[in-house]
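Enquirer: Below: sequence and its predicted model.
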Amino acid sequence: MTNTDANVQPATLSTLLNGFGIRQLRLVTGCVLFAFLVSHFLNHALGNISLDAMEEALNTHHRIWGEQPGKAIFYLAAFVHAALGIWMLYERRQFRYRATEATQLLLGLSIPVLIIAHIAGLRLAYDLFGNEKYYSQVLALYTTTHTHMFIVQYLVMVVAWVHGCIGLYFWFRLRPLFRKIAPALLALAVLLPVMAALGVYQGAKSVQQLTLSEQWRAEKLSVQHIGTVEHRAALDRITQGFLFGYVGLLVLVLAARGLRSLRERRAGLIRLSYGDGKTVRVPKDLTVLEASLLHNVPHASVCGGRARCSTCRIRIVGDCSMLPEPSRREAFVLERVGTGADPAVRLACQLRPQRDLSFFRIFPPQTSVSLLRAGIPARNGQERYLVSMFVDMRGSTKLAETRLPFDTVFIINRFLAAVSQAVVASGGQPNQFVGDGQLALFGLASDPATACRQAIVAAGRIARNVAELNEFLADDLKEPLRFGIGIHGGEVIIGDIGSPGHVVFTALGDPVNVTARLQDMTKTLSCEVVLSDEVRTRAGLLNDRLPSTEVTIRGRSEPMLIRTVADAATLSTIFNDAKSVAA
């Protein structure tokens, strides 16, 4: 069974629609509002050119968002996004948010309070009284009679922009493309609001100069544009009414949460038993992930419980027939990662058990977004073709007999560093360090043929690096450092092995054991590298390129065909273009 978010199944249109839920609706509406914000900020930024440029671009902005269908789409998106945000505030069972989540929540709840006066002064003033306010009128009011609104507008620009950027980050950070374009996105996220703020400032300076002209004031600040005193008083009453209503709604939501908690506790508690012996008692309607967070039980959840990843997955122990059916979103995610047919695998962020439940967490609690973005295969157990390489330093025991412990450790570390540099440069990954030896893996992010070529080229680079190290330590070594390398490929099990707090990612299986045996054979065969014919064939080397022999491997009934290399340095040029191997 494959338990990785990287190996997802292709999704059809119908499958995607089935996975569309409340959170996805919030994302779509949020993207609409963010598009409006970007358009508005670009309009503001033109103030760095001139006030006329701002107002000319505002006409285009209005044609997009102030006329149908853009106007209806904007208002609908704003209403739905705000309503779903308040609904999610009610639905969330605990407030142990991460810093970014708490920031996003607080900023999102503050936006209506900060923006309502601006909306009433522009949108409602036009819809109710026909007042046409452009940059000239708004900036004139904000720099004369309503100076506090200038600060409020700067504040709401920052709040709305940061809120939107956090939301897009939570959604986009799991995509493989994110790491490549993250610097460009960060530059855009910083430069656009700064340019917008400077544009508003420059526009306000231009308006302040223009207000000195009586003719300009008569033309731009007429009743037709800014309305009467009665109009402004009516808009102020609407603003105050909205603020009171909004605050009252938030109070009602919090009160409803309290009543729900009281009702749930009276209905009884259920017992959730984790696989490590931990047991908690929680109300029935909590999700398993919420129960973990409420009781400070470590539980992986890269997307923060939004059902956008599957790192919170759990495996149920016992009867699964009485569990609630998966929601459309949960079924969609489980299907994407290839576990939709297994009723015992569920998403902890979606499952709301109604009775006692025993389970264990599939992913370790330390699973992070960087791991998923790196494309590293599932660390909880996956079968995969890998090429293993064992590298052992010869004569380390004799070296230690004649040197101080610190000097011995220094030389061994330099040797392992030389090996690691060669492995990484060839496209592999250093995995384990055992004394003066190292296990390296190839194929974690490449196909088997490429992995075999990478391992062969790495052996040549190791020889070159060790030769340079010998030259560097020539005055300190009685004889050069020597090494032996074994290379073999095959299907292995990879995953995190160990106990909580002491976990390592490694590969297990017969191919790894064979690799260790091949490395030992370099001593008896008087060569530096022994690789299996399996690796030679997959790498595409001709049969006569390397000498062959059959050997008996301990634990195997059949003899094994191997290839020997007396001088590992020759492997660095065995392919026409060794550099392309590590691409």
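Expert: Yep, it's here.
Enquirer: for this structure, longest helix please?
Expert: helix 229-266 (DSSP state H).
Enquirer: How about it, which residues are buried there?
Expert: Neighbour counts over helix 229-266 (16 or more other Cβ atoms under 10 Å) mark H231, R232, A234, L235, I238, T239, F242, Y246, R257, E264 as buried. Every C-beta, even on glycine, is put in place using the N, C-alpha and C of the backbone.
Enquirer: and the fourth one, what does it touch?
Expert: Contacts here follow Cβ atoms under 8 Å, 6 or more residues apart in numbering; on that basis L235 touches A120, G121, L124, A125, L128, G227.
Enquirer: Dump those residues to TSV, plus pLDDT and distance to A82.
Expert: What follows is these, written out as TSV (pLDDT from 0 to 100; distance: Cβ to Cβ, whole Å):
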residue	pLDDT	distance to A82
A120	90	16
G121	88	19
L124	89	17
A125	89	21
L128	89	21
G227	86	27
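Enquirer: Select from those the one having the most neighbours.
Expert: Counting neighbours by other Cβ atoms under 10 Å, the top entry in the contacts of L235 is G121, with 25 neighbours.
Enquirer: Who's the closest spatial neighbour of it, skipping the chain neighbours?
Expert: Among residues not flanking G121 along the chain, L235 sits closest, at 6.2 Å (Cβ to Cβ, 6 or more residues apart in numbering).
Enquirer: Against S136, how distant is the one you found?
Expert: For L235, the distance to S136 equals 19 Å [Cβ to Cβ, to the nearest Å].
Enquirer: What of I412?
Expert: Taking Cβ to Cβ as the criterion, I412 is separated from S136 by 75 Å.
Enquirer: now C303
Expert: As defined by Cβ to Cβ, C303 lies at a distance of 45 Å from S136.
Enquirer: do the same with A455
Expert: Distance of A455 to S136, computed by Cβ to Cβ: 70 Å.
Enquirer: S301 now?
Expert: From S301 over to S136 the distance is 50 Å, taken as Cβ to Cβ.
Enquirer: for I49, same thing?
Expert: The spacing between I49 and S136, counted by Cβ to Cβ, is 15 Å.
Enquirer: Same check on S206?
Expert: As judged by Cβ to Cβ, S206 and S136 stand 9 Å apart.
Enquirer: Name the residues contacting each of those two.
Expert: The contact sets of S206 and S136 overlap at L51 (Cβ under 8 Å, 6+ apart).
Enquirer: Distance from stretch 553-561 to the middle of the chain?
Expert: Centroid displacement of stretch 553-561 relative to its chain, using Cα atoms, centre = their mean, to the nearest Å, is 44 Å.
Enquirer: what's the helix or strand for the closest residue to W171 other than its chain neighbours?
Expert: Counting by Cβ to Cβ, 6+ apart, W171 lies nearest to L27, which is 5.8 Å off, once chain neighbours are set aside. According to DSSP states H and E, L27 maps onto helix 22-45.
Enquirer: what does that helix contact?
Expert: So helix 22-45 is contacted by 54, 57-58, 61, 64-65, 73-74, 76-78, 80-81, 84-85, 87-88, 157, 160-161, 164, 167-168, 171, 192-193, 195-200, 203, 306-308, 329 (Cβ under 8 Å, 6+ apart).
Enquirer: contacting residues for R384?
Expert: Contacts for R384 (Cβ under 8 Å, 6+ apart) come out as P377, G443, L444, E491, V492, I494.
Enquirer: Output the below-cut-off pLDDT ranges for the protein.
Expert: Of all residues in the chain, those with pLDDT under 70 make up the ranges 1-20, 93-98, 174, 366-382, 400, 402, 496, 498-503, 576-583.
Enquirer: Select the longest strand from it.
Expert: When the chain is parsed with DSSP state E, its longest strand is strand 482-499.
Enquirer: That strand packs against which elements?
Expert: In this structure, strand 482-499 packs against strand 382-394, helix 448-472, strand 502-508, helix 510-524, strand 529-532, helix 533-539, with contacts taken as 3 or more Cβ pairs under 8 Å, 6 or more residues apart in numbering; DSSP states H and E.
Enquirer: a markdown table for those, including distance to E132?
Expert: As requested, these are exported to a markdown table (distance: least, Cβ to Cβ, whole Å):
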| stretch | distance to E132 |
| --- | --- |
| strand 382-394 | 63 |
| helix 448-472 | 64 |
| strand 502-508 | 64 |
| helix 510-524 | 75 |
| strand 529-532 | 79 |
| helix 533-539 | 73 |
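Enquirer: Show me where the stretch 201-350 of the chain has its helices.
Expert: Secondary structure of the stretch 201-350 of the chain (DSSP state H, counting those that start in this stretch): helices at 214-220, 223-226, 229-266, 288-294, 328-336.
Enquirer: Mind checking those for the one nearest to L105?
Expert: With Cβ to Cβ as the measure, helix 229-266 is the member of the helices of the stretch 201-350 of the chain nearest L105 (11.7 Å).
Enquirer: Distance from the chain centre to that closest one, please.
Expert: When C-alpha coordinates are averaged (Cα atoms, centre = their mean), helix 229-266 and its chain have centres 35 Å apart.
Enquirer: same deal with stretch 268-284?
Expert: For stretch 268-284, the distance to the chain centre is 29 Å (Cα atoms, centre = their mean).
Enquirer: Check which residues of it are buried.
Expert: Residues of stretch 268-284 classed as buried: I270, L272, S273, Y274, V280, V282, P283 (neighbour count, 16+ other Cβ under 10 Å).
Enquirer: ok, back up a step: take the helices of the stretch 201-350 of the chain and lay them out in JSON lines including distance to S388.
Expert: Formatted as JSON lines, these follow (distance: least, Cβ to Cβ, whole Å):
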{"stretch": "helix 214-220", "distance to S388": "77"}
{"stretch": "helix 223-226", "distance to S388": "76"}
{"stretch": "helix 229-266", "distance to S388": "52"}
{"stretch": "helix 288-294", "distance to S388": "36"}
{"stretch": "helix 328-336", "distance to S388": "30"}
